[in-house]
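[1] Here's my sequence, what's the structure:
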Amino acid sequence: MIGSTFVVVGTALTLLLGAHSSVIMVGIFTFVVGIGMGLTAVPTLIAAQSSAEFTERGAVTGVNMFARSLGSAVGVAICGAIINSRTAVTPDGTPAGPGLMAALHIVFGLLVFVAVVLAVLAVLMPADHPRRQPARTSQPDEAATTA
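    Next comes the predicted model:
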């Protein structure tokens with residue numbers, strides 16, 4: 001929950017950025033998002049692993065990492081498409097000012113929305129999941145039966 005809070009706060013702070021924001025301000029805001037992502041990445045992986053049988057943990061880990069990579073790729077594509085559709089480009093290929101800032105604020109707003117949805121989903125996760133124990137065979141110890 002702490003990590004989710006950092007992500008929501010960090011993405012909300014990015015809405016304060018403007019054309020004249022300093023690089024230090026951008027760095028601080030994205031650092032807050034990074035702290036939040038770091039604090040959420042491992043616990044979500046552990047939650048996924050602990051909900052699966054021991055023999056399935058490798059597959060669960062692989063699917064988790066694949067879903068993160070796929071989500072990152074799709075997210076970057078969507079955000080890039082939003083920025084490209086709303087930004088005018090000069091003849092030398094650089095984006096023109098006001099359109100870029102408007103597009104970035106749309107993207108930052110989308111990121112805040114996604115962060116809030118993820119925080120709500122984190123709150124709705126069950127706090128305790130009964131651990132699955134592998135079935136144990138109750139075979140008597142041979143040494144105990146022969147003695």
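
[2] When you work out contacts or count neighbours from here on, use the C-alpha atoms and nothing else.
    Will do.

[3] how about residue 12, secondary structure?
    Secondary structure, DSSP: H, G, I helix; E, B strand; the rest coil: residue 12 is helix.

[4] my bad, residue 93
    coil.

[5] Run a quick neighbour tally on it.
    Other residues lying near residue 93 total 8 when counted by other CA atoms under 10 Å.

[6] again with residue 31
    15.

[7] pretty sure it is in a helix, no?
    Yes. Residue 31 forms part of a helix when assessed by three-state DSSP.

[8] Let me see the contact set for it.
    residue 10 (CA atoms under 8 Å, 6 or more residues apart in numbering).

[9] again with the one 3 residues further on
    With contacts taken as CA under 8 Å, 6+ apart, residue 34 has the following neighbours: residue 7.

[10] Any figure for the gap between it and residue 7?
    7 Å (CA to CA, to the nearest Å).
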